[in-house]
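In: Starting from these lines, generate the structure:
(2 chains)
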Amino acid sequence: MSDQEDDIILSELDDEELVQQMFDDLYDGLREEIEEGVNILLERGWEPYQILTEALVGGMTIVGKDFRDGILFVPEVLLAANAMKGGMAILKPLLAETGAPRVGKMVIGTVKGDIHDIGKNLVSMMMEGAGFEVVDLGINNAVEKYLAALETEQPDILGMSALLTTTMPYMKVVIDTLIEQGKRDDYVVLVGGAPLNEEFGKAIGADAYCRDAAVAVETAKDFMARKHNRLAAG
Amino acid sequence: MKNALTKLMATRDWILADGATGTNLFNMGLQSGDAPEMWNDQHPERIELLYRQAVDAGSDLFLTNSFGGNAARLKLHGAQGRARELSRISAEIGREVADRQDRPVIVAGSVGPTGEIMAPMGALTHELAVEIFHEQAEGLKEGGADVLWLETISAPEEYKAAAEAFKLAEMPWCGTMSFDTAGRTMMGVTSADMAAMVEKLANPPLAYGANCGVGASDLLRTVLGFVAQGSERPIVAKGNAGIPKYHDGHIHYDGTPALMAEYAVLARDAGATIIGGCCGTMAEHLSMMRAALESRPRGPRPTLDQITDALGPFSSADDGTGEDAAAPRRTRRRRA
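Out: The predicted model follows:
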């Protein structure tokens, strides 16, 4: 039976079968197979943006759902993100050339005093996996650094992360500063980190608390959809 | 050559460990973002007070202030060269406090995670992880720790690397993981996985178990998961004092001393031998935990319902053990 599975030849699959197989291969974190699949679809004349959204983001959505539901865990997600990255490396220059629409852009970093970044890195990877452009400010960010990055990068979303109960209140400092400067409504603010909860997110004035990286992606997509609807209606 | 912890466990039905290190140090003025291990050198009197508060409240065992005292964590503070020294001092202060008592008190040299993701997913190799843990272990040993105490680990690879390092240091040890993601560790390890892994180690711990995580109920579900594997190895339960809540600019844990006393008794009845707290657990919690363990007779092993009735709901419907664990959504393949 395993022999049979070993015999899958991607180029012999039709488009639909190939995309399904790429979903499986992303799930298993098989980078070379994903790269091969992307190249085959390009040869068959698929638009880079269509490959990104239908094959890669589609597959990562399944990974994200199973991560959210406690079926996959960090190691599998890291492997899947790595496979996704392999595909993205091929598509990125082509996407820029073809002027494909932007899924969304996020600036993210852990707050001042907090040097714990595994959670933040995971969110970055999953967001990239979902097609977002992510600007990662790294650890230990003061309010000035967030503001400067928002100014230069003009993202749709600001993400803040904290692992410590002693650093999480700093998120409010950043949000309060945005309010003072009249910029709060320019961005969707998402917060996350082990000790946070929804109540805390509301208390400090964030748009949403995201329990994990998968929820962060879903929430970000949701806000982007609303933004597009608003723009379309306006 | 019996170590102090094995001796104590031979004479006792349960052992009360300590509570929070970080929460207590922040109350003493530690600033968020600063490395607590620096205080071993800069404010030894505060570290002594931290240990003494636990011992005076009835702890039979306390952890040294060396959780982040490995080269990988200290590097973030530019102090990667001080891992051995700061770990040694943390144990020296502990040794003095323990030796002043008229009852046996165990100094457990705390070893926390490196904070790195291990190869092949991450950059930290097994060899380097062993070296990092070994360096800290030697420091704690020099300072007079009775046992080493690995805690808050998520990845089995990291747990194994530490076990190997502690063998190099020729030190007895205990090791706990943090089950904070739907009843598993961040890396997906279930209670059953951990119980099985521990028995396969070339240098197994004196005791293994769970610390931190999310709330007291979840932690006891994990303990029941260990027990269900049928291992005779003593089990450690060190849960947080409830869940952190945000009020007017500061954080406090919602687990009362009375709730933690209830948790301690249930932990013992569930099958744990070494029982303590983690984040948010202060001296007043420990005192009530001790009093409850002394005054209340051992009861039958609690059911999951009895745990949630006493301590509140679980954070997730299941914990990945048993038949009803969820199945992958995609078929898997592996190609050569």
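In: List the backbone torsions phi and psi for residue B:205.
Out: phi -80, psi 160 (degrees, to the nearest 10).
In: what do you get for residue A:109?
Out: phi -170, psi 160.
In: Quickly note the distance from the nearest residue to it once chain neighbours are set aside to chain B.
Out: Distances taken as Cβ to Cβ, 6 or more residues apart in numbering or on different chains put residue A:137 closest to residue A:109, at 3.2 Å, once the chain neighbours are dropped. (C-beta placed from N, C-alpha, C; glycine too.) Distance, residue A:137 to chain B, using Cβ to the nearest Cβ, to the nearest Å: 16 Å.
In: And the residue of the stretch 51-200 of chain B closest to chain A?
Out: Using Cβ to the nearest Cβ, residue B:188 is the residue of the stretch 51-200 of chain B that sits closest to chain A, at 2.8 Å.
In: Wait, that residue touches residue A:73, no?
Out: Yes: using Cβ atoms under 8 Å, residue B:188 is in contact with residue A:73, at 2.8 Å.
In: Now stretch B:64-79 - C-alpha only, CSV.
Out: Extracted in CSV, the C-alpha atoms of stretch B:64-79 (Å, rounded to 0.1, in the frame of the first residue of the first chain):
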residue,chain,number,x,y,z
THR,B,64,16.1,28.1,42.9
ASN,B,65,15.9,31.5,41.0
SER,B,66,17.5,30.1,37.9
PHE,B,67,14.6,29.4,35.5
GLY,B,68,16.1,31.6,32.8
GLY,B,69,19.7,31.0,33.9
ASN,B,70,20.8,29.2,30.8
ALA,B,71,23.1,30.7,28.2
ALA,B,72,20.3,30.8,25.5
ARG,B,73,18.0,32.9,27.7
LEU,B,74,20.7,35.1,29.3
LYS,B,75,21.9,35.9,25.9
LEU,B,76,18.8,38.1,25.4
HIS,B,77,20.2,40.2,28.3
GLY,B,78,23.8,40.1,27.0
ALA,B,79,24.7,37.8,29.9
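In: Wondering if it reaches chain A at all.
Out: Yes: for a cut-off given as Cβ under 8 Å from any Cβ of the partner chain, stretch B:64-79 has contacts with chain A, namely residue B:76.
In: average pLDDT across that stretch?
Out: For stretch B:64-79, the mean pLDDT works out to 94.
In: circling back: now for the residue of the stretch 51-200 of chain B closest to chain A: which residues touch it?
Out: If you count contacts by Cβ atoms under 8 Å, 6 or more residues apart in numbering or on different chains, residue B:188 has them with A:72-76, B:181, B:320.
In: Export those residues to a markdown table and append columns for secondary structure and distance to residue B:213.
Out: Shown next, in a markdown table, are the contacts of residue B:188 (DSSP: H, G, I helix; E, B strand; the rest coil; distance: Cβ to Cβ, whole Å):
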| residue | secondary structure | distance to residue B:213 |
| --- | --- | --- |
| A:72 | coil | 20 |
| A:73 | coil | 15 |
| A:74 | helix | 16 |
| A:75 | helix | 19 |
| A:76 | helix | 21 |
| B:181 | strand | 9 |
| B:320 | coil | 14 |
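In: quick one: which of those residues is nearest to residue A:172?
Out: For these, the minimum distance to residue A:172 (Cβ to Cβ) is 26.0 Å, reached by residue B:181.
In: returning to that earlier point: let me have the contacts of residue B:188 in a markdown table, extended by distance to residue A:99, pLDDT and neighbour count.
Out: Below are the contacts of residue B:188 laid out as a markdown table (distance: Cβ to Cβ, whole Å; pLDDT from 0 to 100; neighbours: other Cβ atoms under 10 Å in any protein chain shown):
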| residue | distance to residue A:99 | pLDDT | neighbour count |
| --- | --- | --- | --- |
| A:72 | 34 | 90 | 24 |
| A:73 | 38 | 90 | 20 |
| A:74 | 35 | 88 | 23 |
| A:75 | 37 | 89 | 22 |
| A:76 | 34 | 91 | 20 |
| B:181 | 40 | 86 | 25 |
| B:320 | 45 | 87 | 24 |
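In: TSV please, covering the residues you listed and showing distance to residue B:107.
Out: TSV is the format used below for the contacts of residue B:188 (distance: Cβ to Cβ, whole Å):
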residue	distance to residue B:107
A:72	40
A:73	34
A:74	33
A:75	34
A:76	39
B:181	31
B:320	35
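In: Residue A:199: which of the residues you listed is nearest?
Out: The closest of the contacts of residue B:188, once distances to residue A:199 are taken by Cβ to Cβ, is residue B:181, at 20.0 Å.
In: Against residue A:32, how distant is that closest one?
Out: 29 Å (Cβ to Cβ, to the nearest Å).
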